[in-house]
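From the sequence below, what's the structure:
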Amino acid sequence: MEEEEIELASDTGKRERTEKEESQAQPVPAIVPEDRDPEEEEETEKLIPAETDALSQNLKENDEIEEPEKLSLSQLAREELRVRHSQGLQSENKVYVTIGRMNPPTPGHKIVIKEMIKEALSNGLSQVSIILSSTFDDDKNLLYGEEKRRFLYKIIDRIKKEIIRESAGGGSGGGAGGGPDIEAQLNEFFVEIICMDDPTLELLGKHPIVKSLRYILSLYGNDERAEKPEIILTIGQDRADDYNWLSKSFSNNTFHIQPILRDVGAISATYVRGLVSPGVNEEENRNSFFGVMRETGLTEEEIGEIYKIIHDVKIAKGTKKQKASKKSSAGGGEPAGGEGSAGGRTKKLRKRYKTKRRRYRNGRSKKSRSKRRHSKRHCNYVSSLSRPRSH
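Residues are numbered from 1 along each chain as shown. Below is the predicted model of the structure:
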């Protein structure tokens, strides 16, 4: 009996081992959801690589898809400098700022920025700020805010080099502090340029200038400080009175306007824009434009880029006017002001007269009949008193 039990146990063990080996050797069936057909899944898997290859080929052939724009070395350096010295602003007690359209940046704007940087350096500060308007049109604002910011940073790099040169040569750089440390100071000096359409917190307000200036003050920890920093607005003498209202908006801070004297022959942005005249003495005015803009320190290529932007916008403006005139002439009928058609002023007068008549009629209809009768009798009575009596 014992021998039979041993043989049965050995057979059972062998059977379990063989079943285990077979189960390991056999592939595990894939778990397929009830609503999916395995045959359809195989066809889909066959199609996916082909579709992926076709999509990647289309992406390679499509020229419209561009890689994201990479930051240049100068932009990366500015971002690094902004982060590095942002903590130091908490201890500075003066905020130098200027406001302007700078469309385009001119030698006059360069003078204002240079004086502001030198004043800030002489007070041991590490930053000044510029607030740019964001308006774009085909009349006075021919450059976008981002374009102005890009050219201004290039002008600021030239300004820093000029201050270092003047300091080394004993020139007019004395106001910037002078001495061998001026280069080290300027290397750590930052100019914050803000466009009025830059995204800012809604808590800073809606007015473009106010919210931009509040953002600048937030960099200095204005809200957390017991002693608020002084705001010094550096602006051209011709526009100094335009910003007195800011002192009311920033009554908690000491607000001071520092006007920069403007020379008699100072070049304005209006004059510079006027030198770009498509079709009218174009070559002569172009040479004058380049001659003026060289004083900003920009290269010939950079000046040419500004010229092309303004030139293209002005040409587009002329094309719009031509289309508008063609459309009005092709509309048919007599021109406004001619015989058989009323001019704009006449139409306005007619409309005003009709409005008055309608209001008068509506007012009469609201009166009761008795009141109208009474008023009529009263008028007759008064008129009878004024008539001479017959004897």
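
Quick one: classify Thr98 as helix, strand or coil.
strand (DSSP: H, G, I helix; E, B strand; the rest coil).

Quick check: it touching Ile111?
No: Thr98 is beyond contact range of Ile111, at 11.0 Å (criterion: C-beta atoms under 8 Å). Glycine gets a C-beta too; all of them are placed from N, C-alpha and C.

Compare neighbour counts for these two and give me the winner.
Thr98 (22 against 18; other C-beta atoms under 10 Å).

per-residue confidence at that one?
Looking at Thr98, its pLDDT reads 96.

which residue packs closest to it, ignoring adjacent ones?
Nearest non-adjacent residue to Thr98, counting by C-beta to C-beta, 6 or more residues apart in numbering: Thr234, 4.8 Å away.

swap in Phe250?
Of all residues not flanking Phe250 in the chain, Ile231 sits nearest, at 6.1 Å (C-beta to C-beta, 6+ apart).

can you check Leu132 too?
Leu132 sits nearest to Cys195 (C-beta to C-beta, 6+ apart), 4.9 Å away.

so Arg256 sits right up against Thr234, yeah?
Not quite, residue 256 is His, not Arg. No: here His256 does not reach Thr234: they are 9.7 Å apart, not a contact under C-beta under 8 Å.

Looking at these two, which has the bigger crowd around it?
The neighbour count for His256 versus Thr234, taken as other C-beta under 10 Å, is higher for Thr234 (23 against 12).

Might you report the residue contacts of the more buried one?
For Thr234, the contact set (C-beta atoms under 8 Å, 6 or more residues apart in numbering) comprises 96-98, 112, 115-116, 119, 258, 260.

circling back: separation between the residue nearest to Thr98 and Ile310?
Separation of Thr234 from Ile310 (C-beta to C-beta, to the nearest Å) stands at 26 Å.

ditto for Arg150
Where Ile310 is concerned, Arg150 sits at a distance of 15 Å (C-beta to C-beta).

Likewise for Glu119?
For Glu119 relative to Ile310 (C-beta to C-beta), the value is 31 Å.

cool, and Gly124?
Here the criterion is C-beta to C-beta. By it, Gly124 lies 39 Å from Ile310.

what does Asp238 give?
Taken as C-beta to C-beta, the span from Asp238 to Ile310 is 23 Å.

circling back to that earlier point, what is the mean pLDDT for the helix or strand harbouring the residue nearest to Thr98?
If you go by DSSP states H and E, Thr234 is part of strand 230-236. The predicted model assigns strand 230-236 a mean pLDDT of 93.

Buried residues, it. List them.
231-236 (16 or more other C-beta atoms under 10 Å).

swap in stretch 138-154?
In stretch 138-154, counting by 16+ other C-beta under 10 Å, buried: 141-145, 147-152, 154.

returning to what we had before: so the residue nearest to Phe250 touches Gln258, yeah?
No: contact criterion C-beta under 8 Å: Ile231 and Gln258 do not qualify, at 10.4 Å.

quick one, which of Asp238 and Ile310 is more surrounded?
Counted by other C-beta under 10 Å, Asp238 and Ile310 do not tie: Ile310 has more neighbours, with 19 against 13.

how much space between Asp198 and Tyr271?
Distance from Asp198 to Tyr271, counting by C-beta to C-beta: 29 Å.
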